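# Got a sequence here, can you model it:
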Amino acid sequence: MTVQFAETHDMTGEISIAVFIPAYNAAKTLGWVIERIPQNAWDVVETVFVVNDGSTDETAATVEELSLIYPKVVLHSLPRNQGYGGAVRKGLELCLQAGTDFAVCLHADGQYPPEKMLEFVHYMRDNRVDILQGSRHKDGTALAGGMPLYKKIAGNCLTWLENKVFGLSLTDYHSGYMLYSRKAVADLPLQQLSHSFDFDVEVIAASRRRGLKIDEQAIPTHYGEEESHLNPISYGFRVLRVLWRYMRGYYDPR
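From the prediction side, this is the model:
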């Protein structure tokens, strides 16, 4: 389904969104995430792809049950665990095949707000943004939202370095709440990017080398009882490797 938006910056016509959710052993939280998608967003969303990344719990069965209530929810199961980056890559490929104007990545643990997606897509459309990342630090409320102090300090250090290398002024490269224009998905070298959690930073690196417009908007920080599969130490080293590769031309168009 598509909906007509007012003309902005000579951008006319219809707009459509595909959502994808990388899901690994997320049976307990998926329903909560889907339920939080606002009705006005459902009016614009074509499909919600749940990429089941080799889960060993009831994730697949949960998605099938949700699809009976929300017909736009579609299960795509990977034959084996591909890692976060692999699941995101498949989600982006599915969105590209769907032909929608924007792709939205939601996480299955509910840490990032489905409630913001339509507002953010409006912002992208109005400002011709290709990659939009939700920032937990832009409004200065990360600690109040439960972010551990050590994560805030480590994240700030990495962000300072990333801004130096990429020539940007973002406040958060690591939230995982990412929105993409169709142009960005088509231009990005998806098969070249990581299977791990540094995938999102690599998206920024490759987008920067391709002249895509990158921006951020504030999101609330939520740290609950969800299980994290990210090792912060190995992740930090992976981010440093992305920066090294960026400076060596690894993400340059070929």
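
# got the buried residues for the host helix or strand of Met117?
If you go by DSSP states H and E, Met117 is part of helix 117-127. Using 16 or more other CB atoms under 10 Å as the test for burial, helix 117-127 gives 117-118, 120-121, 124-125. C-betas here are computed from N, CA, C, even on glycine.

# nearest residue to the spatially most central residue of the chain other than its sequence neighbours?
Closest residue to the average C-alpha location of the chain: Met178 at 2.9 Å, with CA atoms, centre = their mean. Counting by CB to CB, 6 or more residues apart in numbering, Cys105 is the residue found nearest to Met178 once chain neighbours are left out, at 4.7 Å.

# shouldn't that neighbour be in contact with Ser175?
No. If you go by CB atoms under 8 Å, Cys105 and Ser175 don't touch, sitting 10.3 Å apart.

# And the contacts of stretch 160-169?
Residues from elsewhere that reach stretch 160-169, judged by CB atoms under 8 Å, 6 or more residues apart in numbering: 170, 173, 201, 204-205, 208, 214, 239-240, 243, 246-247.

# Can you show me the strands along the chain?
Ranges of strands within the chain are 3-4, 14-15, 17-23, 45-52, 73-77, 102-105, 131-135, 178-181, 214-218, based on DSSP state E.

# closest to Gly91 out of those strands?
strand 17-23 (3.0 Å; CB to CB).

# Val44: neighbouring residues, count only.
Val44 has 20 neighbours, counted by other CB atoms under 10 Å.

# and the gap between it and Glu119?
12 Å (CB to CB, to the nearest Å).

# which residues sit in contact with the closest residue to Ser194 other than its chain neighbours?
Nearest non-adjacent residue to Ser194, counting by CB to CB, 6+ apart: Gly85, 4.5 Å away. By CB under 8 Å, 6+ apart, Gly85 lies in contact with 193-199, 202.

# Need those in TSV (columns: distance to Asp130, neighbour count and pLDDT).
Formatted as TSV, those follow (distance: CB to CB, whole Å; neighbours: other CB atoms under 10 Å; pLDDT from 0 to 100):
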residue	distance to Asp130	neighbour count	pLDDT
Leu193	16	23	97
Ser194	20	20	96
His195	23	15	96
Ser196	23	16	96
Phe197	22	22	95
Asp198	20	24	96
Phe199	17	24	98
Glu202	15	25	98
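
# and these, which of them are in helices?
Mapping the contacts of Gly85 onto helices (DSSP state H) picks out 199, 202.

# Farthest pair within the contacts of Gly85?
Leu193 and Phe197 (11.5 Å).

# ok, the nearest residue to Met117 once chain neighbours are set aside - how many residues close by?
Computed as CB to CB, 6+ apart, the closest residue to Met117 that is not its neighbour in sequence is Val104, at 5.0 Å. By the criterion of other CB under 10 Å, Val104 has 28 neighbours.

# all helices of the stretch 151-254 of the chain, in order?
182-187, 199-209, 232-247 (DSSP state H, counting those that start in this stretch).

# just curious, which of the contacts of Gly85 is nearest to Ala142?
Looking across these and measuring by CB to CB, the closest to Ala142 is Phe197, at 18.2 Å.

# thinking the closest one is in contact with Ala87, fair?
No. Between Phe197 and Ala87 there is no contact under CB under 8 Å: 10.9 Å.

# residues in contact with the residue nearest to Met178?
19-22, 88, 91, 176-180.
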